[in-house]
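Peer 1: Sequence isn't available, so here's the structure alone:
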């Protein structure tokens, strides 16, 4: 059953006007018919079963029938990913798959070894594009929360906002090469529901030693993702899968 996010609070019995994008997808792409059901997620992250009403002009309509209890989020306050600027298609892939795997916040990060640069106007366009990808992935994976795509950050800016996080980790390949594999496991074992987790990943060029030192001085812990060296786009998904195994399976 198709799921869509609605920018309002919903109640049973309410008649909802669907926006243009949802209307197009429901009636034109999915060929929805009057009486068929869809799922709507409101601004309170509540999930409702709704039946399609007759389309009036360019606007689709749905009637809220019942609320559905549904849990699809990590049992943590927040799971944030910060990534260096990989090539555009790779960063889009990271956002899509990380959303499917449970990420709640995404921080694009400028690092010294980045292969891409986002000058002013381009950064804004990229942010809008990534937010749309996150919403579509959240709908597809039956999330009740759309991850927030934050503005492009420098390492210093990320460190400043990291004070809000209780668990701060770095995926660092040199830790893997040294054979130290226990740090991530230790961090995940002791997670609590109130924890806000942030993990930093490099782009294709990785993090340089100076950047790692700055993060460590700010309380971040270097972690290995196992004995194999992962691609920039693989590492965040690997981490979120490990987190899901620890907390949900």
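Peer 2: Received, thanks. Please read these numbers as outputs of a predicted model, since none were measured by experiment.

Peer 1: wait, what's in contact with the nearest residue to residue 7 once chain neighbours are set aside?
Peer 2: The shortest distance from residue 7 to any non-neighbouring residue, by Cβ to Cβ, 6 or more residues apart in numbering, is to residue 43 (6.4 Å). Every residue, glycine included, has its C-beta placed from N, CA and C. Residue 43 makes contacts with 6-9, as judged by Cβ atoms under 8 Å, 6 or more residues apart in numbering.

Peer 1: mind checking the SS state of residue 43?
Peer 2: Of the three states, residue 43 takes coil according to DSSP: H, G, I helix; E, B strand; the rest coil.

Peer 1: Contacts for the longest strand along the chain, please.
Peer 2: Using DSSP state E to define each element, the chain has its longest strand at strand 60-68. Strand 60-68 is contacted by residues 10-18, 22-23, 26-27, 32, 37-40, 46-55 when judged by Cβ under 8 Å, 6+ apart.

Peer 1: State the mean pLDDT of it.
Peer 2: Average pLDDT, strand 60-68: 97.

Peer 1: Sort out which residues of it are buried, please.
Peer 2: Buried residues in strand 60-68, counted by 16 or more other Cβ atoms under 10 Å: 60-62, 64.

Peer 1: Could you do stretch 185-193 as well?
Peer 2: For stretch 185-193, the neighbour count (16+ other Cβ under 10 Å) marks 187-188, 191 as buried.

Peer 1: Then stretch 101-121?
Peer 2: Neighbour counts over stretch 101-121 (16+ other Cβ under 10 Å) mark 101-111, 114, 116, 118 as buried.

Peer 1: ok, of the buried residues of strand 60-68, which one's closest to residue 233?
Peer 2: Taking Cβ to Cβ as the measure, residue 233 lies nearest residue 60 of the buried residues of strand 60-68, at 35.7 Å.

Peer 1: Next secondary structure element downstream of the one helix or strand in the chain whose mean pLDDT sits lowest?
Peer 2: Between all helices and strands in the chain, the lowest mean by mean pLDDT, DSSP states H and E belongs to helix 173-177, at a mean of 70. Helices and strands here follow DSSP states H and E; after helix 173-177, the next one along the chain is helix 183-189.

Peer 1: Quick one: list the elements packing against that next one.
Peer 2: Counting contacts by 3 or more Cβ pairs under 8 Å, 6 or more residues apart in numbering; DSSP states H and E, helix 183-189 packs against strand 167-171, strand 221-223, helix 235-248.

Peer 1: where are the low-confidence patches of this structure?
Peer 2: Applying pLDDT under 70 to the chain flags the ranges 175-181.

Peer 1: Can you pull the domain assignment for it?
Peer 2: 3-68, 78-248 (automatic domain parsing).

Peer 1: Contacts for stretch 214-228, please.
Peer 2: Stretch 214-228 is touched from outside by 155-156, 159, 162, 168-172, 174-176, 179-181, 183-184, 187, 199-200, 207, 212, 235, 238-239, 242, with contacts defined as Cβ under 8 Å, 6+ apart.

Peer 1: Any idea how far apart the tips of it sit?
Peer 2: Terminal residues of stretch 214-228 lie 25 Å apart, using Cα to Cα, to the nearest Å.

Peer 1: Relative to residue 42, how far out is the residue nearest to residue 38 when sequence neighbours are not counted?
Peer 2: For residue 38, ignoring the flanking residues on the chain, the nearest one in space by Cβ to Cβ, 6+ apart is residue 2 at 5.1 Å. Noted for residue 2: a distance of 16 Å to residue 42, by Cβ to Cβ, to the nearest Å.
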